[in-house]
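1. kindly generate the corresponding structure for this input.
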Amino acid sequence: MEALNDLVQAGKVRALGASAMYGYQFYNMQLAAKEHGWAQFQAMENHYNLLYREDERELIPICKQMGVSLMPYSPLAAGHLARPTWNGDTCRSKTDRVAMGKYDRTEEQDMKIVARVAELAECYGVKMQQIALAWHWAKGVASPIVGATKSAYLDDAAGALAVRLTEEDVAYLEEPYVPHRIVGAIDHNPAEGVMLLDEKK
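-> This next block holds a predicted model:
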């Protein structure tokens, strides 16, 4: 944290952002910075979407308590929240082993959520990805990181700002969720290094 503070003091970094971790790890770093008068994290880039909500238990409440903006990655769950079927016909959906490892183990349970996203999209006359992003606005997310490979995807994301989900909509989307194993946060370096997650088990 001192090294990061030095970068801020030198004018090389405007603000600090952290990425996926356990809540206690984030709290400890913020506390160390506060105790020494160093720059604290202002943003959290965590793994968060309708199919992966484990950070709601600790990390997100800590961020909100400390006034840290949420800017999660994978808001569309590698495209799973943008189509009514689990598998797509894009090169990425066929070859991205990391995305497969993050999501494929819970395909059966998560398809219930995907179906509800599709249902609400039809009801509101918008695209599925706009419902998925509108859910983020309802959860207090400041700026989800949208991985756009086409300019039309940016237009879709901007259009999501006009979608307002009701409390009932949010509850309906969230109701089928089941706990998932932790993805992204680690409490020690794996003995064999970081491995791709690509098998259903």
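
2. now the helices: where do they sit in the chain?
-> 2-9, 23-36, 59-65, 91-95, 97-103, 107-124, 128-138, 151-159, 167-174 (DSSP state H).

3. reformat the ones you listed as a markdown table; add mean pLDDT.
-> Formatted as a markdown table, the helices of the chain follow (pLDDT from 0 to 100):
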| stretch | mean pLDDT |
| --- | --- |
| helix 2-9 | 97 |
| helix 23-36 | 97 |
| helix 59-65 | 97 |
| helix 91-95 | 75 |
| helix 97-103 | 83 |
| helix 107-124 | 97 |
| helix 128-138 | 97 |
| helix 151-159 | 89 |
| helix 167-174 | 98 |
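
4. residue nearest the centroid of the chain?
-> residue 48 (2.4 Å; CA atoms, centre = their mean).

5. who's in contact with the residue lying closest to that residue once chain neighbours are set aside?
-> Once flanking residues are discounted, residue 48 sits nearest to residue 72: 3.7 Å by CB to CB, 6 or more residues apart in numbering. For every residue, glycine as well, the C-beta is placed using N, CA and C. Neighbouring residues of residue 72 by CB atoms under 8 Å, 6 or more residues apart in numbering: 44, 45, 46, 47, 48, 49, 136, 141, 144, 145.

6. still on that earlier bit, return the most buried member of the helices of the chain.
-> Neighbour counts (mean count of other CB atoms under 10 Å) averaged over each of those peak at helix 128-138, with a mean of 23.

7. can I get it in PDB, CA atoms only?
-> C-alpha atoms of helix 128-138 as PDB (Å, rounded to 0.1, in the frame of the first residue of the first chain):
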ATOM      1  CA  MET A 128     -31.100  -9.600 -22.600                       C
ATOM      2  CA  GLN A 129     -27.800  -7.900 -22.000                       C
ATOM      3  CA  GLN A 130     -29.700  -4.700 -21.100                       C
ATOM      4  CA  ILE A 131     -31.700  -6.500 -18.500                       C
ATOM      5  CA  ALA A 132     -28.500  -8.000 -17.100                       C
ATOM      6  CA  LEU A 133     -26.800  -4.500 -17.000                       C
ATOM      7  CA  ALA A 134     -29.900  -2.800 -15.600                       C
ATOM      8  CA  TRP A 135     -29.700  -5.300 -12.700                       C
ATOM      9  CA  HIS A 136     -26.200  -3.900 -11.900                       C
ATOM     10  CA  TRP A 137     -27.700  -0.400 -11.700                       C
ATOM     11  CA  ALA A 138     -30.300  -1.700  -9.300                       C
END
